[in-house]
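> Okay, sequence plus prediction incoming.
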Amino acid sequence: MSATILYLHGFNSSPRSQKASELRAWLPQIHADLELIVPELGFDPDQAYSRAADIIQARAGQSLGLIGSSLGGFYATALSQRFGVPAVLINPAVRPYDLLWDYLGPQHNPYTDEHYTLTEAHMAALKALEPECLSLPENLLLLLQTGDETLDYRDALAYYRGVPSWIQPGGDHRFQRLERVVPAMLAFLGMSPGAKGASD
């Protein structure tokens with residue numbers, strides 16, 4: 001059975017982001033049979049969620065895990081709880097509909113060169129996607145660095161109480177030296193080399 005990792009990027013990011021590029025380089029060195037999918041999520045929350053959900057549903061019955069960073073961590077949380085798939089959350093955004101309120105108005109994605117307007121309707125869509133509760137906390141692995149300059153890691157600690165966590169002092173929002181924790185991420189997702197169901 002083939003194994004797939006679906007990586008969900010953050011706000012104003014894209015499949016060409018640094019973490020996505022690094023994962024493309026690192027994963028084949030650890031597990032040559034993994035397929036990494038990094039979709040272009042776009043700025044609209046409903047569209048982003050639907051694009052990721054379609055990929056998950058198309059691979060029903062296969063070995064699949066999620067990795068989400070920042071806003072992508074929010075989407076990964078919602079998708080994990082809905083579909084029952086494991087997810088690794090890297091410095092995830094908590095209550096992004098509050099965090100992004102100050103960004104309402106004209107926006108520019110430097111990766112895609114897309115210009116768009118972030119609206120209150122987008123914030124309402126984000127709020128609607130938030131799970132009422134974490135019914136499957138065991139499906140989540142929380143990775144935080146306390147030096148995150150964009151998000152307060154304590155917000156994630158509080159929201160994800162009871163979720164398996166790996167908290168590192170220092171670092172930043174990008175998550176410094178991510179390569180150190182890639183083997184642990186794959187182990188949590190059940191995709192370590194030789195793991196049952198991880199390859200044909």
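In hand now; what should we look at? Numbering: from 1, shown residues only.
> and residue 148, helix, strand or coil?
coil (DSSP: H, G, I helix; E, B strand; the rest coil).
> can you count the residues close to residue 53?
A count of nearby residues for residue 53, using other Cβ atoms under 10 Å, gives 15. Every residue, glycine included, has its C-beta placed from N, CA and C.
> Identify the residue spatially nearest to it, adjacent ones excluded.
Leaving out its chain neighbours, the residue that sits closest to residue 53 by Cβ to Cβ, 6 or more residues apart in numbering is residue 79, at 6.3 Å.
> roughly how far apart are the closest residue to residue 111 other than its chain neighbours and residue 69?
Of all residues not flanking residue 111 in the chain, residue 14 sits nearest, at 3.7 Å (Cβ to Cβ, 6+ apart). According to Cβ to Cβ, to the nearest Å, residue 14 stands 12 Å off from residue 69.
> Ok, residue 3 next?
From residue 3 to residue 69 the distance is 20 Å (Cβ to Cβ).
> Between the two, point out the one with more neighbours.
Each of residue 3 and residue 69 has its neighbours counted (other Cβ under 10 Å); residue 69 has more, 29 against 22.
> Spit out the contact partners of the residue nearest to that one when sequence neighbours are not counted.
Distances taken as Cβ to Cβ, 6+ apart place residue 90 nearest to residue 69, at 4.3 Å, with adjacent residues excluded. By Cβ atoms under 8 Å, 6 or more residues apart in numbering, the residues touching residue 90 are 19, 67, 68, 69, 70, 73, 143, 175, 178.
> of those residues, buried ones?
Listed as buried from these are 19, 67, 68, 69, 70, 73, 143, 175, 178; burial here means 16 or more other Cβ atoms under 10 Å.
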